[in-house]
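**Q** Whatever this is, show me its structure:
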Amino acid sequence: MKPVNGRFTSVVTLLVALLLTGCVTTTDSRFTREADRQKAVENYVQLATAYLGQGNIERARHHLDRALELDPDSPQALAALGLIYNTDGEAELAEKSFRKAISESPGYTRARVYYGAFLYSQERFEESRDQFRAASRDTDYKDRGSVFYNLGMTQERLGQQQEAIVSYRRAVELTRGDARSLLSLSRVMVNSGDVEGAARYYNRLMMIMQRNKRLQHSPESLLTGIRIAQHTGDRNQEASLVLQLKNNYPESAEYQQYKALISNDK
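**A** Numbering: from 1, shown residues only. I've put the predicted structure just below:
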């Protein structure tokens, strides 16, 4: 079962999930045309990111080395190299690669997404926000919904709740109601005092969970639902969610928050 959770998980896992994978055949023949050389670079980078997604760092590095031999300034290869450095714990080298990729091609949105995630992992939230904000302007980027979701997370960490609401709402629109985005939007709207608005998005989340049995509640989704049920006076819903939170996540921070809530009410 997969819990519904809006929190930022492993940076590398998150990013590699966005990459195209598959088998690509390349040759070592000399390239007489620029188009051939660039195609070979793309193929090597694609292979490298596929291996990176499988956790095979050695093979990923091998193919990136081949790509960089052909084009030392390839933004695609440099951005992927930054992921490998980050996986190896080489933060300084990772940042250097991300920054060079962006310098070589400021319009290469994927490099900004990688760099934004890296900066978030370093808790450099203002810089992370700026990278995600720049990436969000690329209307042709195929995973733009995730960019807005990541932007919302950085805005939350900066205490910019209204801005986060705008970003999460855009993520919901672009993903046609992704569960992760719906939960984050509902939670932030509750925190901002718009509980009725939050309830509309939370109800959409509940319908998705009913249709998809692989999804289950996380402490975050349960507490968000409890707070909405308290506001709307739905005692049955509140009791059901409280029971799940108590039984399934008794040690969670959300259950402690719930106990603090009822203590304050008394």
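**Q** When you work out contacts or count neighbours from here on, use the C-alpha atoms and nothing else.
**A** Fine.
**Q** Now find how far off-centre the helix or strand encompassing residue 181 is within its chain.
**A** Following DSSP states H and E, one finds residue 181 within helix 179-192. In terms of Cα atoms, centre = their mean, to the nearest Å, the gap separating the centre of helix 179-192 from the centre of its chain is 15 Å.
**Q** Which other helices and strands does it contact?
**A** With contacts taken as 3 or more Cα pairs under 8 Å, 6 or more residues apart in numbering; DSSP states H and E, helix 179-192 sits against helix 161-175, helix 195-211, helix 219-232.
**Q** I'd like the distance from the first one to the chain centre, please.
**A** In this case it means helix 161-175. So, by Cα atoms, centre = their mean, the centroid of helix 161-175 is 13 Å from its chain's centroid.
**Q** quick check: angle from that helix to helix 179-192?
**A** 160 degrees (axes from the mean of the first three to the mean of the last three Cα atoms, to 10 degrees).
**Q** Would you mind listing the outside residues contacting helix 161-175?
**A** Helix 161-175 is contacted by residues 144-149, 151-156, 178, 181-182, 184-185, 188-189, 192 when judged by Cα atoms under 8 Å, 6 or more residues apart in numbering.
**Q** Please apply the same query to the longest one.
**A** Counting by Cα under 8 Å, 6+ apart, helix 195-211 makes contact with 177, 179, 182-183, 185-187, 189-190, 215-216, 225, 228, 231-232, all of which sit outside it.
**Q** do the same with stretch 73-91
**A** 12, 41-42, 45, 48-49, 52, 57, 61, 64, 67-68, 93-98, 100-102, 104-105, 108, 110-111, 114, 118.
**Q** What's the ChimeraX line that selects buried ones from the residues you listed?
**A** Buried residues among these (16 or more other Cα atoms under 10 Å), as a ChimeraX selection:
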select :12,41,42,45,48,49,52,57,61,64,67,68,93,94,95,96,97,98,100,101,102,108,110,111,114,118
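**Q** Keep only those of the contacts of stretch 73-91 that are in helices.
**A** 12, 41-42, 45, 48-49, 52, 57, 61, 64, 67-68, 93-98, 100-102, 104, 110-111, 114, 118 (DSSP state H).
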